[in-house]
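K.L.:
Got a predicted model here, sequence first, then my questions.
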Amino acid sequence: MPSSAKKTLLSPSKITAWLDCEHYLTLKNNPERRRNRQQSKETSERAKPETSQEEETESLEAPTDFADMLRKKGDLHERKCLENYKEKFGEGVFEVPEQNREEGESFEGWVERVGNPMDSGHEIIFQMPFIYDGVRGIADFLEKTKKNGKVVYEPVDSKLARAGAKQGHLLQLLFYTEAVEDLTGERPENIHVELGSGLRESFRVSDYWWYWKRLRDQLKQAVENDLTADTKPEKCSHCGICEFYWEECRPEWRANDSLVFLSGVRKTHQEALSQVGIETLTGFAAIPESCLSEISEENFDEESEQAFQEAIDVWAKKSGNNLDEIHSEWKVNKNRLPEIEINQLVKLWRQARLQVISAQTKEIPTHFFSEQEMLEKMIEREKAKRSESLLHLPETNEHDIYLDFEGHPFWQIEEGIIFLFGYLEKKDGEWEYVQLWSHDKTTEKEKATKLVEFLHDRYKTHPEMHIYHYNHTERALLSDLMNDGDPTSSIVSILGHNFEDSPPEKQRLDELVDDGIFVDLLAVVRNSLQAGTESYSLKEMELLAGFTRNQRDRKDTTGQDGDVKEDGNIDKGAGAVFEFELYTNADLYGIEKDEDRLKRIADYNKDDVEATRQLHEWLINKRKENKELPDGTSPIPEDEEEEIKSEYIQRVEVLKEKIINKIEQERSGI
């Protein structure tokens, strides 16, 4: 058995997590650093043999939550890849015997028992376990090929992603490459990823080897140091799938009043503020206006300012923080903020104050409108986007449509589906919810076509109408799962994706888009106001509008994922996906096809479109109430597009001149 097996063994997935967050390995390998878990749970976890994601095999039981659904979809994709190999190579496919966990076989013992199947010349080796240089993992597939006349096995991983292998995929494959070379003496020339779309992406090992070796050196150092470095949790891309996020890092951030909860803040902002002594959200909010070198003329009203002062006094007493010290340190160091422009600084400072007020009052979040900032944002955008501001937000009318979709990115391994098109329209003076369901790709296109025809006909009859939607943060999450270029990333692109080979429908949709009929209220919100909320999701903004969801008997039982509550109500978009998965693939999991799942999805979707309508009405009313804003919808000047083009051309010419001057200076030796 390799000596490295006696040490802490890491899996490729842990290495990928470590790349994003050094604190991850600190928690993973040092249970004493886990502050927030119950002692009984810690004892239970330590008693279990460590397993990695690569080791786990799932039976095809119904998934328990959204994350489990994704894991099972990944397993199905892997099985399909195995079936494809068997069709091609038949008995040339060797399936490694599974680890015998009933007899308590360790991973190390399993590796020793399996030995090296590559010596037998199999065409394909499935689920080969490796231990090499402190890392252990299981390669999905090893594929036999020839390199300079010699047999070599190239690692192949099956990944659910539609396109674009991610960094973590490559790192796992590079580890298997290194382990294969250690056993055979031949380094594979290529590594491959079998994507959920059915496509294969291949990469030359030599293009990434230097990066992998440098990473391995860093990892060795971390392991040799026993991972006892004084790391701390930092917000990163791994947080969404990390087992420590909810029980360790998030409670620690809450306890420390971390700036990670400040809406709009970036890591560079946090680092810059830390350099001048600002470590907490409330401490940042406590900086008085007089300490900022510039400030917007549009500030809080007297009532909000008084609420903030009361909130900050309570905070100072509870935390023991000295406000005078914060102010003094800020005055001395404020000029050391190169990463934050003054306008951005003021906006973040105001956001911090709004969140402090909302947190202390526990009432409807405080909000703030700035005409000055609306105008500045609109100048930065193209004419086609100028309506995405409260200044240009159209008034409500009885022919408007409020629209929302529910989609499943992994309905089948190869493709997703928009399974519900839901909208509100007014009939006989009452708002009516319409739901168009699709359970396969054929009906999806039929429903999309029906919807666009309806919207286009309505527009031609009532040209004053608009189609309002709210591009949810939940949909952005699903888009991330599908990688960039996901056709389900926005309302308009969802429809357009259905009409790639249907010119008439595409033309109708393009006309609606070009005429500015679609209005994204999320963009309007972001461009028009600040609110004392940690996000600008519809679930947060509907609180401002006073909207109450109609789901019955709701209990406070939100879990870590916030998908489906114990009372059966859907709480987030991922929950709708999970419910549809259990419905549409019920036969796959051997469960009953429960029609109530569709009802719960429809109830959730209906709440979303009704919240969108009420938010629109609230925004219009706020515009009328605000003395600093116009009473009605401001027209968009027709000549602004030419002005923007002219300004852009001038900036390009200036840049060209600078480049030419620099080249001439270098040539002349200046």
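P.N.:
Looks like it arrived, so ask away. Here the structure is a predicted model, which is why all the values come from computation and not from measurement. Numbering: from 1, shown residues only.

K.L.:
Going by C-alpha atoms from here, please, whenever you check contacts or count neighbours.
P.N.:
Fine.

K.L.:
Okay, domains of the protein per the record?
P.N.:
The chain breaks down by automatic domain parsing into domains covering 3-224, 256-363, 383-625, 638-670.

K.L.:
What pLDDT does the model give Asn569?
P.N.:
For Asn569, the pLDDT comes out at 57.

K.L.:
what's the answer for Arg204, then?
P.N.:
Reading off the model, Arg204 has pLDDT 95.

K.L.:
and what of the one 10 residues further on?
P.N.:
The pLDDT attached to Arg214 in the predicted structure is 84.

K.L.:
hmm, back to that, per-stretch mean pLDDT over the domains of the chain, give me the minimum one.
P.N.:
In terms of average pLDDT, domain 638-670 trails the rest of the domains of the chain, at a mean of 51.

K.L.:
so who does the closest residue to Pro409 other than its chain neighbours touch?
P.N.:
Using C-alpha to C-alpha, 6 or more residues apart in numbering and skipping residues adjacent in sequence, the residue nearest Pro409 is Gly416, 4.1 Å away. Gly416 makes contact with 407-410 under the criterion C-alpha atoms under 8 Å, 6 or more residues apart in numbering.

K.L.:
Format those as CSV; extra columns: neighbour count.
P.N.:
Putting those into CSV (neighbours: other C-alpha atoms under 10 Å) gives the following:
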residue, neighbour count
Gly407, 21
His408, 21
Pro409, 22
Phe410, 24
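
K.L.:
now, among those, which is nearest to Thr361?
P.N.:
Thr361 has its nearest neighbour among the contacts of Gly416 in Gly407, at 36.8 Å by C-alpha to C-alpha.

K.L.:
now Leu543, what's its secondary structure?
P.N.:
Classification of Leu543 using DSSP: H, G, I helix; E, B strand; the rest coil returns helix.

K.L.:
ok, how many other residues are close to it?
P.N.:
16 (other C-alpha atoms under 10 Å).

K.L.:
repeat for Lys166
P.N.:
Lys166 has 12 neighbours, counted by other C-alpha under 10 Å.

K.L.:
measure it to Asp75 for me?
P.N.:
Lys166 sits 18 Å away from Asp75, going by C-alpha to C-alpha, to the nearest Å.

K.L.:
mind listing the strands for the stretch 201-350 of the chain?
P.N.:
Under the criterion DSSP state E, counting those that start in this stretch, the stretch 201-350 of the chain carries no strands.

K.L.:
now the helices for it?
P.N.:
Here the stretch 201-350 of the chain has its helices, by DSSP state H, counting those that start in this stretch, at 209-224, 250-255, 267-275, 281-285, 302-319, 323-333, 342-361.

K.L.:
Kindly report the same for the stretch 551-670 of the chain.
P.N.:
Using DSSP H, counting those that start in this stretch, helices in the stretch 551-670 of the chain cover 573-584, 586-589, 596-625, 640-667.

K.L.:
Which members of the contacts of Gly416 occur in strands, if any?
P.N.:
The strands, defined by DSSP state E, take in 407-408 from the contacts of Gly416.

K.L.:
ok, the contacts of Gly416 vs Asn100, which is closest?
P.N.:
Once C-alpha to C-alpha is applied, the member of the contacts of Gly416 that ends up nearest Asn100 is Phe410, at 31.8 Å.

K.L.:
Do me a favour and get the backbone dihedrals for the closest one.
P.N.:
phi -130, psi 40 (degrees, to the nearest 10).

K.L.:
let's number from 49 now, not from 1
P.N.:
Happy to do that; since the first residue is 49 now, the last one works out to Phe458.

K.L.:
List the single closest residue to it in space, sequence neighbours excluded.
P.N.:
Phe458 sits nearest to Gly464 (C-alpha to C-alpha, 6+ apart), 4.9 Å away.

K.L.:
ok, residues contacting stretch 402-416?
P.N.:
310, 330, 333, 348, 352, 355-356, 359-360, 577-582, 591-592.

K.L.:
Just the C-alphas of that stretch, formatted as CSV.
P.N.:
Taking Å, rounded to 0.1, in the frame of the first residue of the first chain, the C-alpha atoms of stretch 402-416 are listed here in CSV:
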residue,chain,number,x,y,z
LEU,A,402,-30.8,50.7,4.3
GLN,A,403,-30.1,47.1,5.4
VAL,A,404,-29.3,48.2,8.9
ILE,A,405,-32.6,50.0,9.2
SER,A,406,-34.6,47.0,7.8
ALA,A,407,-32.8,44.6,10.0
GLN,A,408,-33.5,46.6,13.2
THR,A,409,-37.1,47.5,12.4
LYS,A,410,-38.1,44.1,11.1
GLU,A,411,-40.7,45.8,9.0
ILE,A,412,-41.1,46.4,5.2
PRO,A,413,-37.6,47.1,3.9
THR,A,414,-36.7,50.8,3.7
HIS,A,415,-36.1,51.9,0.1
PHE,A,416,-34.6,54.9,-1.7
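
K.L.:
And that stretch, what's buried?
P.N.:
402-407, 412-416 (16 or more other C-alpha atoms under 10 Å).

K.L.:
Most widely separated two among these?
P.N.:
Counting by C-alpha to C-alpha, the most remote pair of these is Ala407 and Phe416, 15.8 Å apart.

K.L.:
ok so, going back, can the domains of the chain go into JSON lines with extra columns for distance to Trp294?
P.N.:
As requested, the domains of the chain are exported to JSON lines (distance: least, C-alpha to C-alpha, whole Å):
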{"stretch": "domain 51-272", "distance to Trp294": "10"}
{"stretch": "domain 304-411", "distance to Trp294": "14"}
{"stretch": "domain 431-673", "distance to Trp294": "7"}
{"stretch": "domain 686-718", "distance to Trp294": "46"}
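
K.L.:
for those, which one sits closest to Lys283?
P.N.:
For Lys283, the closest of the domains of the chain is domain 304-411, at 6.9 Å, according to C-alpha to C-alpha.

K.L.:
Relative to the whole chain's centre, how far out is the closest one?
P.N.:
27 Å (C-alpha atoms, centre = their mean, to the nearest Å).

K.L.:
ok so Gly122 is a strand residue?
P.N.:
No - with three-state DSSP as the criterion, Gly122 is assigned helix and is not in a strand.

K.L.:
Phi and psi next, for the spatially closest residue to it that is not a sequence neighbour.
P.N.:
Of all residues not flanking Gly122 in the chain, Leu208 sits nearest, at 5.5 Å (C-alpha to C-alpha, 6+ apart). Main-chain dihedrals, Leu208, degrees, to the nearest 10: phi -70, psi -20.

K.L.:
Which residue ranges of the stretch 99-248 of the chain form strands?
P.N.:
141-143, 172-180, 183-195, 198-207, 238-243, 248-252.

K.L.:
re earlier: using CSV, please lay out the buried residues of stretch 402-416 together with distance to His447.
P.N.:
Compiled in CSV, these are given as follows (distance: C-alpha to C-alpha, whole Å):
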residue, distance to His447
Leu402, 36
Gln403, 37
Val404, 40
Ile405, 38
Ser406, 36
Ala407, 39
Ile412, 30
Pro413, 31
Thr414, 32
His415, 29
Phe416, 30
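
K.L.:
any idea which of those is the one closest to Arg149?
P.N.:
Ala407 (49.2 Å).

K.L.:
mind checking how far the closest one is from Gln578?
P.N.:
15 Å.

K.L.:
and the nearest residue to Phe417 once chain neighbours are set aside, how many neighbours?
P.N.:
Once flanking residues are discounted, Phe417 sits nearest to Leu577: 4.6 Å by C-alpha to C-alpha, 6+ apart. By other C-alpha under 10 Å, the residues close to Leu577 number 17.

K.L.:
quick one, phi/psi of Leu577?
P.N.:
Torsion angles, degrees, to the nearest 10, at Leu577: phi -150, psi 160.

K.L.:
quick one: it and Leu402, what's the gap?
P.N.:
In terms of C-alpha to C-alpha, Leu577 sits 11 Å off from Leu402.
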